[in-house]
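1. Quick one, structure for this:
(chains A and B)
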There are 2 protein chains.
Amino acid sequence: MTDHATIYEVGPRDGLQMAKATMPTATKLRWIDAMAAAGVAHMEVGSFVSPRHVPQMADTADVVGHTVAIAGLETIALVPNETGARLAYAAGCRSLVIPVSVSETHSRSNINKGTYEQVAEVARLVAWLRAQDEPVLVETACATAFGCSFEGAVPERRVVEVATALLQAGADRVSLADTVGYAAPNAIRSLVRATRAAAGGAFQKLHLHDTMGLGLANVLAGLDVDVRHFDASLAGLGGCPFAPGASGNIVTEDLVFLLESMGLRTGIDLEALVATRAFLREGLAGEPLHGSVGRAGIPRTFRAAA
Amino acid sequence: MTDHATIYEVGPRDGLQMAKATMPTATKLRWIDAMAAAGVAHMEVGSFVSPRHVPQMADTADVVGHTVAIAGLETIALVPNETGARLAYAAGCRSLVIPVSVSETHSRSNINKGTYEQVAEVARLVAWLRAQDEPVLVETACATAFGCSFEGAVPERRVVEVATALLQAGADRVSLADTVGYAAPNAIRSLVRATRAAAGGAFQKLHLHDTMGLGLANVLAGLDVDVRHFDASLAGLGGCPFAPGASGNIVTEDLVFLLESMGLRTGIDLEALVATRAFLREGLAGEPLHGSVGRAGIPRTFRAAA
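-> Below you'll find the model as predicted:
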C-alpha cells in the first residue's frame, strides 16, 4: 500500500468534447495552466478526432504543442485510430489513450467497428508508433467494462479476454472504464482482481462515472483492491450523462478531497484546483457544474495528506 | 457477515422538519403509507418538539397514531427531552431517538444545553419511560461525531466517552451521526471500531450526510466494518445542508441501489420507493429533490439482492 494516488484529469478532453459550447482555445490553455499549477500532473488535453464531428477538439494539436512544454505535466491525448495516432505523434504527444468498447453493440454504435476490429486497429497503430524514433505510451481503455446501456451486463470473462487481446496487440496498459455508470463496489473489486490476474502491472487505472451516485464509493472499492490511479473531470464535466441533470465523470475536486482525507497524497492543492472552476464558468456559459466541494466549500477540518 | 441491511427512513422527520413548506398531514400520511408499502420497515415519522418552533411537526401525535397501526413498520419519533418523551409515549410511540451533540459548542448552540446536561436529560427521560407499563426502545444519536462546524475536529475519545455515558444513562442504543458531513471513509472505520469496542451491540447505526459527496463512500466504509444499519432520507431531504444546492442526508433510493447491487437485501422495492418521490413534488412544492437514481433512472442491469 503506497501513501499516494494518481489522478488523471480528463476535463479538457472528455469534458469539453461533450459540452454544448466550444471553449475558446485561449481560455482552455489558461485553464490547463491553472490546473497544472494546482498540481495536476497527468491530463488528457484533447482528442485527435475529426474536427467536423467534434469541433470542440479542432485545436488539439495546438493544445498539445502548448502542454508538452509544461514542466511536470504528462500530456495525454485520445486517439480513436491509427490516423489519430499519427497526428498525435506529429503534434508531439507521447502518451495516448485508445478507447475500445468491450460491448460489441456499443462498439459498433460508437465507431461503426466491432470490438475485435478495434483491437486490430490498436495493433496497427502500435506497429506504426513502434517504428518511430521516440517511445510512446499506449493505454487502451476497456469501455463498457461494467455494463452497457445496449447489452446490459457485460461478462467479466469477456472483459478479461479483450484486455488480454489488447496487450497482445502491443498496448502498454489497459484500463477499465465504467462508461455508463452501472458499476457497484463489488463489481469493481471483482473485475479489478480478474483483470489484474490477466494483465498484471499493465492494469493500473479506473475510469469511473457518477451516474448512479456511486462514483466515489466505487473509488473506495478500487482503493480496497489497491488501485491508485483514477480518471476524473473537474466539476464532473463530460462522461456521457444519459439523463438531464445527471452527472457523468467523477468530480476531480471531490476525488482529491476523498483521497487526501484518507491520507493519500495526490500532489494537488485542493483550494487552487477548486478555483480553476472559474474557467468553466467563463468559457462554457450555461454548462452545469457538478461537485460537492465546489458547492459546499472545503470543510474546516480538511487537512491534505502529509 | 449477514446478507441484509436495515434502512431507517428519516424523511418524514428530518426531511420535512428542514423543508421550507409544511407538507399537509393528509399528503404526509399517504407518502408514509406508500413508503411502507414499498418495504420501508423503520421510519422516523416526526418530532415531539415545540410546534411554535417547528410547525412542520405539529401533527406528529396524529402521524404516530396512524403509523403505529401499519403492520411491519417500526414507528420512531425524535424527542429532544423528557417532555417530548412523555408526549411520544402518550401518542403510542415505543421507539425514540434522542440527539446528543458530542460537540459542546454545537450542543449549546442547538439546544442551549451542554453535552452532559443532555446526557442527564436522557437519564431522566429513561427513568420516566422505564416506570411506564410498556417498554420503549431508546436510541441516543451522537451528533457531530465526525466533526463540527463550530469546533472543527471532534476527538474520537470524546465520542466514545459520550457514547459510554449515554449507555450508563440507560439508553438502549447509541448511533453515530455525521451531522455536518465531514466524515471520510477512514474516519468512519476508525470511529465505528472504537465505539463498538466501548458499546458492543448497543452500537448499530450510522447517520451519514452527503454534504461533501462522500455519503455512499462512507456507507461502504461502514459496511467494511460490518455496520448494517443506516439512516437515509428519500430524495436526500433535510440533513441540515449548509450551502445552497448542497445535499444533506444520504438519499434512500440511492442507498437501496447501492446495497441491493452489492447483494445486501433491504426488503425495499426500489422502483416502488422511487415512485413515492411524487408525494414530495406534490406536498413540498419547490423543495429540491436530490438523488442519482431519481434523476438517471434504474439501470437495466440492476437486480435486487436475491
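
2. Smallest gap between the stretch 51-200 of chain A and chain B, at which residue?
-> Residue of the stretch 51-200 of chain A nearest chain B, by C-beta to the nearest C-beta: A:Ala184 (3.5 Å). All C-beta atoms are positioned from the backbone trio N, CA, C, and that covers glycine.

3. how many neighbours does that residue have?
-> If you count neighbours by other C-beta atoms under 10 Å in any protein chain shown, A:Ala184 ends up with 26.

4. same deal with A:Ala197?
-> Neighbours of A:Ala197 (other C-beta under 10 Å): 10.

5. Show me what from the stretch 201-306 of chain A comes close to chain B.
-> Contact residues, the stretch 201-306 of chain A versus chain B (C-beta under 8 Å from any C-beta of the partner chain): A:210-214, A:216-217, A:219-221, A:224, A:241-247, A:251, A:254, A:257-258, A:261-263, A:291-293, A:295-297, A:299-301.

6. that older thread, does the residue of the stretch 51-200 of chain A closest to chain B really touch A:Asn218, like I thought?
-> Yes - using C-beta atoms under 8 Å, A:Ala184 is in contact with A:Asn218, at 7.3 Å.

7. remind me which residues of chain A are low pLDDT?
-> Applying pLDDT under 70 to chain A flags residues A:1-2, A:241-246.

8. could you pull out the helices for it?
-> A:16-18, A:25-37, A:60-67, A:82-91, A:104-111, A:115-130, A:156-168, A:185-199, A:215-224, A:252-261, A:270-275, A:277-283, A:292-296 (DSSP state H).

9. Mind checking those for the one nearest to B:Val192?
-> Ranking the helices of chain A by proximity to B:Val192 (C-beta to C-beta) places helix A:215-224 first, at 14.7 Å.

10. Centroid-nearest residue for chain A?
-> In chain A, the residue lying closest to the centroid (C-alpha atoms, centre = their mean) is A:Asp231, at 4.2 Å.

11. Pretty sure that one sits against A:Leu206.
-> Yes - at 7.2 Å, A:Asp231 counts as touching A:Leu206 under the criterion of C-beta under 8 Å.

12. got any residues that touch both of these two?
-> By C-beta atoms under 8 Å, 6 or more residues apart in numbering or on different chains, A:Asp231 and A:Leu206 have these common neighbours: A:Ser175, A:Ala177.

13. Give the closest residue to A:Arg13 in space, chain neighbours not counted.
-> Take A:Arg13 and drop its neighbours on the chain: the residue closest to it by C-beta to C-beta, 6 or more residues apart in numbering or on different chains is A:Glu44, 3.8 Å away.

14. so who does that neighbour touch?
-> A:Glu44 neighbours (C-beta under 8 Å, 6+ apart): A:Tyr8, A:Glu9, A:Val10, A:Pro12, A:Arg13, A:Asp14, A:Ile76, A:Ala77, A:Leu78, A:Val97, A:Asp231.

15. Next step: these restricted to strands.
-> Among the contacts of A:Glu44, the residues falling in strands (DSSP state E) are A:Tyr8, A:Glu9, A:Ile76, A:Ala77, A:Leu78, A:Val97, A:Asp231.

16. hang on, the earlier thing: reformat the helices of chain A into JSON lines and put distance to B:Val119 next to each item.
-> Below are the helices of chain A laid out as JSON lines (distance: least, C-beta to C-beta, whole Å):
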{"stretch": "helix A:16-18", "distance to B:Val119": "53"}
{"stretch": "helix A:25-37", "distance to B:Val119": "48"}
{"stretch": "helix A:60-67", "distance to B:Val119": "58"}
{"stretch": "helix A:82-91", "distance to B:Val119": "65"}
{"stretch": "helix A:104-111", "distance to B:Val119": "57"}
{"stretch": "helix A:115-130", "distance to B:Val119": "62"}
{"stretch": "helix A:156-168", "distance to B:Val119": "51"}
{"stretch": "helix A:185-199", "distance to B:Val119": "37"}
{"stretch": "helix A:215-224", "distance to B:Val119": "34"}
{"stretch": "helix A:252-261", "distance to B:Val119": "30"}
{"stretch": "helix A:270-275", "distance to B:Val119": "37"}
{"stretch": "helix A:277-283", "distance to B:Val119": "43"}
{"stretch": "helix A:292-296", "distance to B:Val119": "30"}
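
17. do you know which of the ones you listed lies nearest B:Ala169?
-> Evaluated with C-beta to C-beta, the helices of chain A place helix A:252-261 nearest to B:Ala169, the distance being 32.6 Å.

18. what comes into contact with that closest one?
-> By C-beta under 8 Å, 6+ apart, the residues outside helix A:252-261 that reach it are A:5, A:7, A:9, A:11, A:40, A:216, A:219-220, A:230, A:232-235, A:266, A:268, A:270, A:273-274, A:277, A:291-294, A:298, A:302-305, B:184-187, B:212-214, B:217.

19. let's see 6 Å
-> With C-beta atoms under 6 Å, 6 or more residues apart in numbering or on different chains as the contact definition, helix A:252-261 has outside contacts at A:5, A:9, A:216, A:232, A:234, A:266, A:268, A:270, A:273-274, A:291-293, A:304-305, B:184, B:213.

20. the inter-axis angle of it versus helix A:215-224?
-> Interaxial angle, helix A:252-261 versus helix A:215-224 (axes from the mean of the first three to the mean of the last three C-alpha atoms, to 10 degrees): 40 degrees.

21. Tell me how far helix A:252-261 lies from the chain's centre.
-> Its chain's C-alpha centre lies 16 Å from the corresponding centre of helix A:252-261 when counted by C-alpha atoms, centre = their mean, to the nearest Å.

22. Put the alpha carbons of that helix into PDB.
-> Extracted in PDB, the C-alpha atoms of helix A:252-261 (Å, rounded to 0.1, in the frame of the first residue of the first chain):
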ATOM      1  CA  THR A 252     -11.800  15.700  -9.700                       C
ATOM      2  CA  GLU A 253     -12.100  18.100  -6.700                       C
ATOM      3  CA  ASP A 254     -14.300  15.700  -4.800                       C
ATOM      4  CA  LEU A 255     -11.900  12.800  -5.600                       C
ATOM      5  CA  VAL A 256      -9.000  14.900  -4.300                       C
ATOM      6  CA  PHE A 257     -11.000  15.600  -1.200                       C
ATOM      7  CA  LEU A 258     -11.700  11.900  -0.600                       C
ATOM      8  CA  LEU A 259      -8.200  10.700  -1.300                       C
ATOM      9  CA  GLU A 260      -6.400  13.400   0.800                       C
ATOM     10  CA  SER A 261      -8.900  12.900   3.600                       C
END
